[in-house]
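Q: have a look; sequence and predicted model below, questions after that.
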Amino acid sequence: MGSAWGRDAQPAPTVMPPPRPASLPAPAPPPPVAPVEEKKPAVTAEGSACMRSLAGVAGHRIRPIAPATKPEPEDCRVVDPVVIEALAVRTAAGPGEVRLLPPPTVSCELARAVSLWLDTSLQPMARGAFGRELTALRVGGGHECRRRNRQTQGQLSEHATGRALDIFAFQLGEEKQGGLAVSVERPSGLEQTRFLDGVRQSACGAFMTVLGPGSDAAHANHLHVDIQQRRAASSRFCQ
């Protein structure tokens, strides 16, 4: 005689595996990558006016350039950057030019200020002092993201925004034809010293800041000019 357990037991239900999911559709191919457009020089409304004024002078050799691709602090951004190869000036023989060696990168606004200074002040001064035309400036320190006098702390230099230029020497006439180089650090004789004094005085009227030998140790070998924005246009700093 079987047990009650044997009579009432039911077979365990068979566990079926879950249904196989339908095949998923293949993923769609990624959309084509749009070609990266070449960056054009950034030109502001004010910058457009600046570039138009420079473009209107025959003989200038100035190239607008695209903003730096390497990220820089906002305070080191140059508005309407240009490379100056040469600036047109009037000479005794007609139209001429003053080369900047090596060509610096600066703001368009500074390029315009240097252009006016060369044509109206420096070129006539060179001709009067030496009977020769100014043909080149030996320069350095255009755009460079740094603090004043290369210190680790303190205010940013005007070089950080391309609004400053350092001049180390003035070339009169062509070197291959017996030209004359006037060094800012070491003028040769009274004639060159007087010329540099006149250059400095004229720069004080053309720029907002002028520093050079005698100002401090950082400017012992060059003439620094910039167009720093100040509270009043008449507030200039010349040493």
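A: Yes, it's here.
Q: contacts, neighbours, all on C-alpha from now
A: Will do.
Q: can you give the distance of the lengthiest helix in the chain from its chain's centre?
A: Taking DSSP state H as the criterion, the chain has its longest helix at helix 189-206. In terms of Cα atoms, centre = their mean, to the nearest Å, the centre of helix 189-206 is found 27 Å from the chain centre.
Q: in it, what's buried?
A: By neighbour count with 16 or more other Cα atoms under 10 Å, helix 189-206 contains the buried residues Q192, T193, F195, L196, G198, V199, R200, S202, A203, C204, A206.
Q: got phi/psi on the closest residue to A164 other than its chain neighbours?
A: Closest residue in space to A164, ignoring its immediate chain neighbours: D226 at 4.1 Å, by Cα to Cα, 6 or more residues apart in numbering. D226 adopts backbone torsions of phi -150, psi 170, taken as degrees, to the nearest 10.
Q: check contacts around D226.
A: Residues near D226 by Cα atoms under 8 Å, 6 or more residues apart in numbering: L110, E158, R163, A164, L165, F207, M208, T209, V210.
Q: ok, back up a step: contacts for the longest helix of the chain?
A: Here helix 189-206 makes contact (Cα under 8 Å, 6+ apart) with 113, 117, 121-122, 125-126, 129, 182, 184, 187, 210, 223, 225, 236-238.
Q: ok, and the most crowded of the residues you listed?
A: Counting neighbours by other Cα atoms under 10 Å, V225 comes out on top of the contacts of helix 189-206 with 26 neighbours.
Q: how close does that residue get to G94?
A: 28 Å (Cα to Cα, to the nearest Å).
Q: kindly report the same for Q201.
A: Q201 is 26 Å from G94, where distance means Cα to Cα.
Q: cool, and D197?
A: Distance from D197 to G94, counting by Cα to Cα: 27 Å.
Q: can you pull the phi/psi pair for K176?
A: Main-chain dihedrals, K176, degrees, to the nearest 10: phi -70, psi -10.
Q: return the per-residue confidence for it.
A: Note for K176: predicted pLDDT of 76.
Q: the longest strand belonging to the chain packs against which elements?
A: The longest strand of the chain (DSSP state E) is strand 81-91. For strand 81-91, the packing partners by 3 or more Cα pairs under 8 Å, 6 or more residues apart in numbering; DSSP states H and E come out as strand 61-64, strand 94-101, strand 105-107, helix 108-117, helix 123-130.
Q: now that strand - C-alpha only, PDB.
A: C-alpha atoms of strand 81-91 as PDB (Å, rounded to 0.1, in the frame of the first residue of the first chain):
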ATOM      1  CA  PRO A  81      47.000  90.400 -34.900                       C
ATOM      2  CA  VAL A  82      49.300  91.300 -37.800                       C
ATOM      3  CA  VAL A  83      52.900  90.600 -38.800                       C
ATOM      4  CA  ILE A  84      54.800  93.700 -39.900                       C
ATOM      5  CA  GLU A  85      57.500  93.200 -42.600                       C
ATOM      6  CA  ALA A  86      57.900  96.800 -43.600                       C
ATOM      7  CA  LEU A  87      56.100 100.100 -43.300                       C
ATOM      8  CA  ALA A  88      55.900 102.700 -46.000                       C
ATOM      9  CA  VAL A  89      57.600 106.100 -45.500                       C
ATOM     10  CA  ARG A  90      58.200 109.200 -47.600                       C
ATOM     11  CA  THR A  91      61.900 109.700 -48.500                       C
END
